[in-house]
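Chemist: 3D, please:
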Amino acid sequence: MKKIEYRFQVQWGDTDAAGIVFYPNFYKWMDEATHRFFAELGNPTTALFEQKIGLPILEAKCQFRSPLLFGDEVRVCSTITELWDKVFQIAHEFYKHETVAAAGYETRAWASFADGRPKAVPIPAEVKRVLAERQSSRSAAFQTEQKLNGQR
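Modeler: Okay, here's the model as predicted:
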């Protein structure tokens, strides 16, 4: 299985005056899903932080398809779509039942904070191997990009 799932229920405080999820929450949930992804792979970010390693976001994008409301049960499916020496991209799809409510991605660096300032460093070989095992094919990455661009 290439995707890792993260599930949650929309809380009252996640919504705006119209009762619809306020858009910045999708970015918060993508961040939470990334942390869950690494924990599921045996590299919890709490342990990385103790080693002075962080995963700063370089780029994030999310497109919204169907509104989420207070009480909705949400499933976020996350997968690695691009993997480079010091940087990776992780795609997230938000599902309400079987409907895609939103799709987005984060591009993140593997960064050392050992000197007090973030500096991109190569992703360790073992971590890169595990990430590569979870990497989607180019066609899946292309499909995610098409979803973000509104193409079918």
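Chemist: going forward, measure contacts between C-alpha atoms and count neighbours the same way
Modeler: Noted.
Chemist: what sits up against stretch 79-86?
Modeler: When contacts are defined by CA atoms under 8 Å, 6 or more residues apart in numbering, stretch 79-86 is touched by residues 2-4, 88-92, 109-111, 120-123, 128, 131-132, 134-138, 140-141.
Chemist: so for that stretch, what's the average pLDDT?
Modeler: Averaged across stretch 79-86, pLDDT comes to 96.
Chemist: before we move on, what about stretch 125-145?
Modeler: Stretch 125-145 comes out with an average pLDDT of 74.
Chemist: coming back round to it: and the buried ones among the contacts of stretch 79-86, selectable in PyMOL?
Modeler: Selecting only the buried entries of the contacts of stretch 79-86 in PyMOL, with 16 or more other CA atoms under 10 Å as the criterion:
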select buried, resi 3+4+88+89+90+91+92+109+110+111+120+123+128+131+134+135+136+141
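Chemist: what's the longest helix seen in the chain packed up against?
Modeler: Identified as the longest helix of the chain according to DSSP state H is helix 24-40. For helix 24-40, the packing partners by 3 or more CA pairs under 8 Å, 6 or more residues apart in numbering; DSSP states H and E come out as strand 4-9, helix 45-50, strand 57-64, strand 73-83, strand 87-96, strand 99-109.
Chemist: swap the cut-off to 7 Å and go again
Modeler: With contacts defined as 3 or more CA pairs under 7 Å, 6 or more residues apart in numbering; DSSP states H and E, helix 24-40 has these neighbours: strand 4-9, helix 45-50.
Chemist: can I get the CA coordinates of the first one in PDB?
Modeler: Read that as strand 4-9. C-alpha atoms of strand 4-9 as PDB (Å, rounded to 0.1, in the frame of the first residue of the first chain):
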ATOM      1  CA  ILE A   4      -1.100   6.300   4.400                       C
ATOM      2  CA  GLU A   5      -4.500   7.400   5.800                       C
ATOM      3  CA  TYR A   6      -5.200  10.000   8.500                       C
ATOM      4  CA  ARG A   7      -8.800  10.300   9.800                       C
ATOM      5  CA  PHE A   8     -10.500  13.000  11.800                       C
ATOM      6  CA  GLN A   9     -13.800  14.600  12.500                       C
END
